[in-house]
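Trainee: sequence below, structure please.
(one chain, ligands or ions: 1)
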Amino acid sequence: MINIPKGTKDVLPTESGRWQYIESKLRRIARLYNAREIRTPVFEHTELFVRSIGDGTDVVSKEMYTFEDKGGRSVTLKPEGTAPVARSFVENSLDAMSLPLKMYYITPCFRYERPQAGRLREFHQFGLEVYGATSPYLDLDCISFAYNALVGLGMKNIMLHVNSIGCPTCRKNYTDALRSYFKPKLDEMCDTCKERFERNPLRLLDCKSPVCKSIASGAPKIADYLCDDCRAHHDKLTSLLDSCGIPYVRDDNIVRGLDYYTRTVFEFVTEELGAQGTVCGGGRYDNLVSEVGGKPTGCVGFAIGLERILMLMEKQGVDFGEERPDVFVMSQSPVFADECLKIVAGLRAAGISADTEMTGRSLKAQFKYADKIKASYGIVIGESEIASKQIKIKNLSDGTEEECAFGDIAARMKEKKNG
Ligand code: HAM
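Mentor: Alright, predicted model coming up:
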């Protein structure tokens, strides 16, 4: 037997309804917020990710699925969705559209990480990217989208953590201050922190090791280093969050693991998923478009990890409103199979989901099957039904039956379906 690669998952027929439920809810919310879908390839030139995410990040330095194609080009399976959207925005001159432009995607992403619950090598993101303005109102709109999406999906106990990591100017002063603070303590810190000290000192703030965490708790705070413009942006955003009733905590330790962020960064976090509790992460990235060759463009966005929200929804017992067939049409004996097929075709044409027996099983076995597939109603076709042109529609959950003329089956089922 050949097994599935480590860190990947099949979505089985028993689970796909849940994915569809989540995806369709998210698409509906996207419609409410006037966002349109964008689809980009699964792989891109490696350079795109190196330039945008940053070669000092874990994602680029350790986690990318990079390979040479048969033409000798280095390509990478997308580890996230933001950089490809920026590439597409520039390449297709989307700035010629009316801005701000809100784009969303549902995409597989690939990161070579150590798999564990909620951390996969192939996972899926729903992302929103808003292009074309630096106003904090768009940060708010983005966060409000994510908040309403998570609440709308029925999840509880998720908290929004918000921070500003400033612009390159104020961040430079801050990273200098961080280096001065951490330098004398570096010997006590973990190997990863030692490595990050030079290339990405901000990441020293979100190390999970207890010793590093306690050292980091005394580190200088970014809030004390923000320039006036960055501070005003952050204050406006938090006042908008207050006025919109979106609960949040200010969290100096939210720094994000990707280099393109400027000013606002945020995460929605739950304590119910152990170490992989971040269900959504995002922020502003005003320099990314120019980094990949376009004009300076204010942008803000987020991505929700779909496997993580699925896990949380299952844990919290959220009702996925699972789809079930409306009717299963059974034949008293295989001779009525053709008649059953006709009825099923009429039901399907009328928009009723229907199926019928095609393997010649006994009526008892057909009832068992109807029960297993959770059909709402059952119809049995036999000699007397054909002769009288009357059938019984059986409610398979409470056993009640009602008579119906052959020609009225679809209309009657439609009435039942629409309640
Ligand atoms: P990220 O924080 O790297 O941000 O990923 C976003 C979300 O994807 C995480 O919060 C998590 O739920 C999920 N995720 C990340 N890695 C894994 C994994 N290995 N297994 C399962 N789920 C995972 C970004 O990717 C940014 N592009 C978000 C963004 C969009 N920022 C601005 N616009």
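Trainee: kindly report the domain assignment for the chain.
Mentor: Using automatic domain parsing, the domain ranges for the chain come out as 13-167+227-315, 327-418.
Trainee: what is the mean pLDDT for the last one?
Mentor: What domain 327-418 shows for mean pLDDT is 95.
Trainee: equivalent analysis for the longest one, please.
Mentor: Per-region confidence: domain 13-167+227-315 scores 96 on mean pLDDT.
Trainee: anything in that domain near the ligand?
Mentor: Yes. Residues of domain 13-167+227-315 are located near the ligand by CB under 6 Å from any ligand atom, namely 80-82, 111, 113, 118-120, 123, 125, 127, 129, 257-258, 278-283, 301-303, 305, 307-308. Just so you know, the C-beta spots here come from the backbone N, C-alpha and C atoms, and that holds for glycine as well.
Trainee: out of the residues you listed, which end up buried?
Mentor: By neighbour count, with 16 or more other CB atoms under 10 Å, the residues of domain 13-167+227-315 next to the ligand hold 80-82, 111, 113, 118-120, 123, 125, 127, 129, 257-258, 278-283, 301-303, 305, 307-308 as buried.
Trainee: and stretch 282-302, what's buried?
Mentor: 282-289, 291-292, 294, 297-302.
Trainee: in strands only, show me the residues you listed.
Mentor: Gly282, Gly283, Arg284, Cys299, Val300, Gly301, Phe302 (DSSP state E).
Trainee: which one of those residues is nearest to Gln332?
Mentor: Gln332 lies nearest to Phe302 out of those, by CB to CB, at 56.4 Å.
Trainee: now do the SS call for the closest residue in space to Ile165 that isn't next to it in sequence.
Mentor: Spatially, and ignoring its direct neighbours in sequence, Ile165 is nearest to Val265 (5.5 Å; CB to CB, 6 or more residues apart in numbering). Following DSSP: H, G, I helix; E, B strand; the rest coil, we place Val265 in the strand state.
Trainee: ok, now which ones touch Val265?
Mentor: The neighbours of Val265, taking CB atoms under 8 Å, 6 or more residues apart in numbering as the test, are Val162, Asn163, Ser164, Ile165, Ile254, Val255, Arg256, Gly281, Gly282, Gly283, Arg284.
Trainee: now do Gly72
Mentor: Gly72 sits next to no residue when contact means CB under 8 Å, 6+ apart.
Trainee: and it, how far from Val50?
Mentor: As for Gly72, its distance to Val50 is 17 Å (criterion: CB to CB, to the nearest Å).
Trainee: in a helix, Lys102, correct?
Mentor: No. Counting by three-state DSSP, Lys102 falls outside a helix, being strand.
Trainee: need the nearest residue in space to it, chain neighbours excluded.
Mentor: Leaving aside its chain neighbours, Lys102 sits nearest to Ala35 (3.8 Å; criterion: CB to CB, 6+ apart).
Trainee: check Gly132 too.
Mentor: The nearest residue in space to Gly132 (CB to CB, 6+ apart) is Leu99, at 2.8 Å.
Trainee: pop out the phi and psi values for that neighbour.
Mentor: The phi/psi pair for Leu99 (degrees, to the nearest 10) reads phi -110, psi 150.
Trainee: same question, Val279
Mentor: phi -90, psi -20.
Trainee: now the residue lying closest to it once chain neighbours are set aside: which helix or strand?
Mentor: Using CB to CB, 6+ apart and skipping residues adjacent in sequence, the residue nearest Val279 is Arg308, 4.7 Å away. Using DSSP states H and E, Arg308 sits within helix 306-315.
Trainee: list the buried residues for that helix?
Mentor: Leu306, Glu307, Arg308, Ile309, Leu310, Met311, Leu312, Met313.
Trainee: okay, and the beta partners of the residue in the chain positioned nearest to the ligand?
Mentor: Residue of the chain nearest the ligand, by CB to the nearest ligand atom: Gly305 (2.2 Å). Applying DSSP bridges to Gly305 yields these beta-bridge partners: Gln125.
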